[in-house]
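Colleague: Sequence plus the predicted model coming up.
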Amino acid sequence: MTDLDVQDVRDVFAKQKQELLTHQQLMAKMKRLTDNPNMTKEDLEMYEQLKEAVTARHERNEKAKRLGLVPEAGQHPASHVHSHQTN
């Protein structure tokens, strides 16, 4: 592995870690919003945020397909980092 390869791996890991943190924050916010049955400005903001997240995920999946990678369906992008099992 070259230094550039190592840096690429570090960059991907940092990006996935940030995406996971953002995802966790989003889930906490969604839970808080579901506890309040009234429609608020925050609900509309959440809708826009979710729409952007879905669009971003779709774009990542399309890029992965173009690069010949298989996107992991139904999983958060950073969730596969800890999914390796050792026997």
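Modeller: Everything's here; your move. Residues are numbered from 1 along each chain as shown.
Colleague: Low-confidence stretches in the chain?
Modeller: Along the chain, the parts satisfying pLDDT under 70 run over 37, 71-87.
Colleague: Can you give me the buried ones in the helix with the most length in the chain?
Modeller: Using DSSP state H to define each element, the chain has its longest helix at helix 3-34. Using 16 or more other Cβ atoms under 10 Å as the test for burial, helix 3-34 gives Gln16, Glu19, Leu20, Leu33. From N, CA and C alone the C-beta is placed, and that goes for glycine too.
Colleague: Kindly report the same for stretch 52-64.
Modeller: Those would be Asn61, for stretch 52-64 by 16+ other Cβ under 10 Å.
Colleague: Tell me how far that stretch lies from the chain's centre.
Modeller: 9 Å (Cα atoms, centre = their mean, to the nearest Å).
Colleague: Check stretch 18-38 too.
Modeller: 13 Å.
Colleague: Now the phi/psi pair for Leu69, please.
Modeller: phi -90, psi 150 (degrees, to the nearest 10).
Colleague: re the thing from before, which one of the buried residues of helix 3-34 is nearest Leu69?
Modeller: Sorting these by how near they are to Leu69, with Cβ to Cβ, puts Gln16 at the top with 13.9 Å.
Colleague: and the host helix or strand of Lys63 with helix 3-34, angle?
Modeller: Using DSSP states H and E, Lys63 sits in helix 41-66. Orientation of helix 41-66 against helix 3-34 (axes from the mean of the first three to the mean of the last three Cα atoms, to 10 degrees) gives an angle of 150 degrees.
Colleague: Adjust the sequence numbering to begin at 120 for everything that follows.
Modeller: That works, and once the first residue is 120, the last one we named lands at helix 160-185.
Colleague: and helix 160-185, what other elements does it pack with?
Modeller: Counting contacts by 3 or more Cβ pairs under 8 Å, 6 or more residues apart in numbering; DSSP states H and E, helix 160-185 is packed against helix 122-153.
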